[in-house]
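Trainee: Here's my sequence, what's the structure:
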Amino acid sequence: MMARLSGVVEFAVVKILSALIFPLFLLAGCATESPEEKAATRLRQAEAAMEECKRQAGLQGTPTPDTTILDVPEQRGQPLTTEGANIIRLKVTCRGELEELIAAKQARAQPR
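Mentor: Numbering: from 1, shown residues only. Below you'll find the model as predicted:
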């Protein structure tokens, strides 16, 4: 009876230790990205998301704006061109993607 109980205890100890140690091995094997690599990955993903949004909106030929501001003081009083209207449409339609792209560009430009 004692031998059987001892085997059960050993089994339980092995199970507990495995449950505690296994995640450590997984974490040790994970490749970690440097901040520069993370910023580059974020920028690539933001650019891809922006291009996809432009494609879905039918605005592939429209240049990607550098800001989400709709009212540009330099353009006040000037006639609205097709390109200007497309840029406004892009800023509205792809607002989230544009904000992420701008933030990713800023994050990558900041020195670490």
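Trainee: tell me, what residue is most central in this protein?
Mentor: The centre of the chain sits closest to Arg42, judged by Cα atoms, centre = their mean, with a distance of 4.6 Å.
Trainee: And stretch 69-78, how far out from the chain middle?
Mentor: 31 Å (Cα atoms, centre = their mean, to the nearest Å).
Trainee: Just confirm Ile88 contacts Leu70, I think it does.
Mentor: Yes - if you go by Cβ atoms under 8 Å, Ile88 and Leu70 touch, sitting 6.1 Å apart. The C-beta positions use only the backbone N, C-alpha and C, and glycine is treated the same way.
Trainee: neighbour-wise, which of the two wins?
Mentor: Between Ile88 and Leu70, counted using other Cβ atoms under 10 Å, the more crowded position is Ile88 (16 against 11).
Trainee: pLDDT averaged over whichever helix or strand the more buried one is part of, what's the number?
Mentor: Using DSSP states H and E, the secondary-structure element containing Ile88 is helix 82-93. In this model, helix 82-93 carries a mean pLDDT of 95.
Trainee: list the helices and strands that helix packs on?
Mentor: Contacts defined by 3 or more Cβ pairs under 8 Å, 6 or more residues apart in numbering; DSSP states H and E place helix 82-93 against helix 35-57.
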